[in-house]
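S.K.: Got a sequence here, can you model it:
(chains A and B)
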There are 2 protein chains.
Amino acid sequence: MKQKILKHIRKANAYISGEDLSSVCDISRAAIWKHIQELRHDGYDIEAVPNLGYRLVSSPDKLLPEEIKFGLDTKIVGKNIYHYDVVSSSMDTAFKLALESSDEGTVVCAESQHAGRGRLGRSWVSPKSKGIYLSVILRPHFSPNEAPRLTLLTALAVCEAIKKITGIDCQIKWPNDILVNEKKVGGILTELNAEMDRTKFVILGIGINVNTKKNFLPARATSLKEEKSEAISRIELVREILRQIDHLYLVFQKEGFAAILEKIKHLSSTLNKRVKAISQGKEIEGQATDIDKDGALLIRKDSGFLEKIYTGDIIRLR
Amino acid sequence: MKQKILKHIRKANAYISGEDLSSVCDISRAAIWKHIQELRHDGYDIEAVPNLGYRLVSSPDKLLPEEIKFGLDTKIVGKNIYHYDVVSSSMDTAFKLALESSDEGTVVCAESQHAGRGRLGRSWVSPKSKGIYLSVILRPHFSPNEAPRLTLLTALAVCEAIKKITGIDCQIKWPNDILVNEKKVGGILTELNAEMDRTKFVILGIGINVNTKKNFLPARATSLKEEKSEAISRIELVREILRQIDHLYLVFQKEGFAAILEKIKHLSSTLNKRVKAISQGKEIEGQATDIDKDGALLIRKDSGFLEKIYTGDIIRLR
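M.R.: Next up is the predicted model:
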């Protein structure tokens, strides 16, 4: 009922009388008032003016499911959204939900993480309500060695969403970083639970520095706010990210990875650069020439030999 | 203390007096008697003869940790062994233990499974105390796409152990079946929990029809007892399997997969045969020419094109 009332206040886009609300929601005016109080408690600023009625002044700066779902026209992603004020990591929470057989497309959003992490267990700074820390559960019908492609798919989804909401051009630093002006603004983490030829589930993790101030960020990192010099709506961005993942995931399933690979290459900050890759304890230096249909990076060594690496740290040389 | 008493009775290999037991274990003769009663309750047949003492007549036909550990000289595998009368699947139990950060090498043994499974969720018949249903937790430092090699490693370990304990020659039907005389006697299941470039843990599952009678087995399956026409000690076989896994895993880690690949190829029932492979919904027909360093099967199609498949169902043609 709370959500229904909110929907109508929002839809009114101006004042809506208690009487109208009462009639459209089919509950008493006293009950309406009770729910309004609850919404205010949740952080909604709702003005109540005698003879005019109620008006939504502002929504809380929280990634609340009802806010994200408003106008979300996805097929799979975001049908279920869980929101937490604080978690150890949205990955852990999503993992537990997936083990309890949560549906494909289930999303976990957190305002903050006390053990946010990146690749190889590195930490991810997650200040409260400044960034986006979310995880998506997928249950793709593919073998586990296809999972790395989902990392790139998600990176592409994040770049497209950021461009659409903020106008900022991002790049994908293979295999899983999102850059703005060569500084890190986000990262993707993919976790996998699988048998040999059956993926049980994949968790896509997304961390983005949205409104984080520079002094809270690690060196060589940035936030969208720092780049744009204005605050960004986290809700709009999350909604667009879920839309993009939903869209690209459907394309990927129907037409294959090749259908989105060109876009990924186009946004790559790694291709056609001289790089040093540190992968599985091995160092490989050469020219990054291609990302192939497995999502792997091809590096042409000075010997002419082409190395294919599935993951690793990339350092740009020169 | 129970285990200590058992160890001494076993070591005596004949009668050991209550007095000697009491002195070597440093507890009263009455306490010794109490523990003997408990051991009998566990299924140990212990004879007690006045003036002679105690003698072990037989051990229970159960895969008890203390039985398996007796003489087990492994470095990693089997340091912790959990035993259950019945589980849904030893895979599920091991998975939960691994999530609770059980050590590498932890083993789960079950007398029976009510939801034993094979590849792609197919069921695995698990009659009580007739077969071996066990899972091993490993925490290898490799990327998830190396996991298929562990399936073959485990298959090799099982073949070597069966040969050593029963003298029966087994073959490996790529990717995960164990055959005797072209009939299925066992299977391997590998489950994986990983991030992109970090394997958190792998569960190796082993199912073997040991003393199962023909009428309890699916068509085209057999048991070691059926093949050998005599009952096999499950405990000795489990102990040898753990030894073999321990040994091959250490070789694999030190010297790489190549160091064990020749043996796997040698035992392969698939190589140099004309086959139809059904992999990821695709059918590939041709000559199975090689198993490569990734553990993948190479099939030479009639067109001359070489297909590499990572997993699938193989049907032998002609």
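S.K.: Residue A:13: neighbour count?
M.R.: 9 (other Cβ atoms under 10 Å in any protein chain shown). All C-beta atoms are positioned from the backbone trio N, CA, C, and that covers glycine.
S.K.: cool, residue A:9 as well?
M.R.: Residues near residue A:9, counting by other Cβ under 10 Å: 23.
S.K.: isn't residue A:82 right up against residue A:100?
M.R.: No - here residue A:82 lies out of contact with residue A:100, judged by Cβ atoms under 8 Å, at a distance of 11.6 Å.
S.K.: These two: which is more packed in?
M.R.: Higher neighbour count among residue A:82 and residue A:100: residue A:82, with 18 against 7, using other Cβ under 10 Å.
S.K.: excluding its backbone neighbours, what's nearest residue A:184?
M.R.: The shortest distance from residue A:184 to any non-neighbouring residue, by Cβ to Cβ, 6 or more residues apart in numbering or on different chains, is to residue A:221 (4.6 Å).
S.K.: where does that neighbour fall, phi/psi-wise?
M.R.: The phi/psi pair for residue A:221 (degrees, to the nearest 10) reads phi -110, psi 160.
S.K.: so how many other residues sit close to residue A:45?
M.R.: If you count neighbours by other Cβ under 10 Å, residue A:45 ends up with 12.
S.K.: Does it touch residue A:55 like I think?
M.R.: No - Residue A:45 is not in contact with residue A:55 according to Cβ under 8 Å; the separation is 9.5 Å.
S.K.: Tell me the residues of the stretch 201-318 of chain A that contact chain B?
M.R.: Contacts of the stretch 201-318 of chain A with chain B, taken as Cβ under 8 Å from any Cβ of the partner chain, map to A:279-280, A:310-312.
S.K.: rerun at 10 Å
M.R.: Where proximity means Cβ under 10 Å from any Cβ of the partner chain, the interface of the stretch 201-318 of chain A facing chain B comprises A:203, A:205, A:279-281, A:294-296, A:309-313.
S.K.: Farthest pair within these?
M.R.: Across those, no pair lies farther apart than A:203 and A:281, at 25.6 Å, counting by Cβ to Cβ.
S.K.: between those two, which one's more packed in?
M.R.: Per other Cβ under 10 Å, whichever of residue A:203 and residue A:281 has more neighbours is residue A:203, with 25 against 7.
S.K.: Which strand or helix spans the more buried one?
M.R.: Assigned by DSSP states H and E, residue A:203 belongs to strand A:198-208.
S.K.: Identify each buried residue in that strand, please.
M.R.: By neighbour count on 16 or more other Cβ atoms under 10 Å in any protein chain shown, the buried set for strand A:198-208 is A:199-208.
S.K.: Let me have those residues in a markdown table, extended by distance to residue A:15.
M.R.: Formatted as a markdown table, the buried residues of strand A:198-208 follow (distance: Cβ to Cβ, whole Å):
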| residue | distance to residue A:15 |
| --- | --- |
| A:199 | 51 |
| A:200 | 51 |
| A:201 | 46 |
| A:202 | 46 |
| A:203 | 44 |
| A:204 | 41 |
| A:205 | 42 |
| A:206 | 38 |
| A:207 | 40 |
| A:208 | 36 |
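S.K.: Identify the farthest-apart pair in these.
M.R.: Within the buried residues of strand A:198-208, two members stand farthest from each other by Cβ to Cβ: A:200 and A:208, at 27.0 Å.
S.K.: tell me the angle of the strand ranked longest in chain A relative to strand B:198-208?
M.R.: Secondary structure of chain A per DSSP state E: the longest strand is strand A:183-195. With axes from the mean of the first three to the mean of the last three Cα atoms, to 10 degrees defining the directions, strand A:183-195 sits at 0 degrees from strand B:198-208.
S.K.: What is the burial count for the residue nearest to residue A:184?
M.R.: Neighbour count of residue A:221, defined by other Cβ under 10 Å: 19.
S.K.: residue ranges of the helices in chain A, please?
M.R.: For chain A, applying DSSP state H gives helices covering A:2-12, A:18-25, A:29-41, A:65-69, A:90-99, A:147-166, A:224-228, A:234-255, A:258-266.
S.K.: burial of the residue in the stretch 201-318 of chain A positioned nearest to chain B, as a residue count?
M.R.: Chain B sits closest to residue A:311 of the stretch 201-318 of chain A, with a gap of 3.7 Å, by Cβ to the nearest Cβ. Applying other Cβ under 10 Å, we find 26 residues neighbouring residue A:311.
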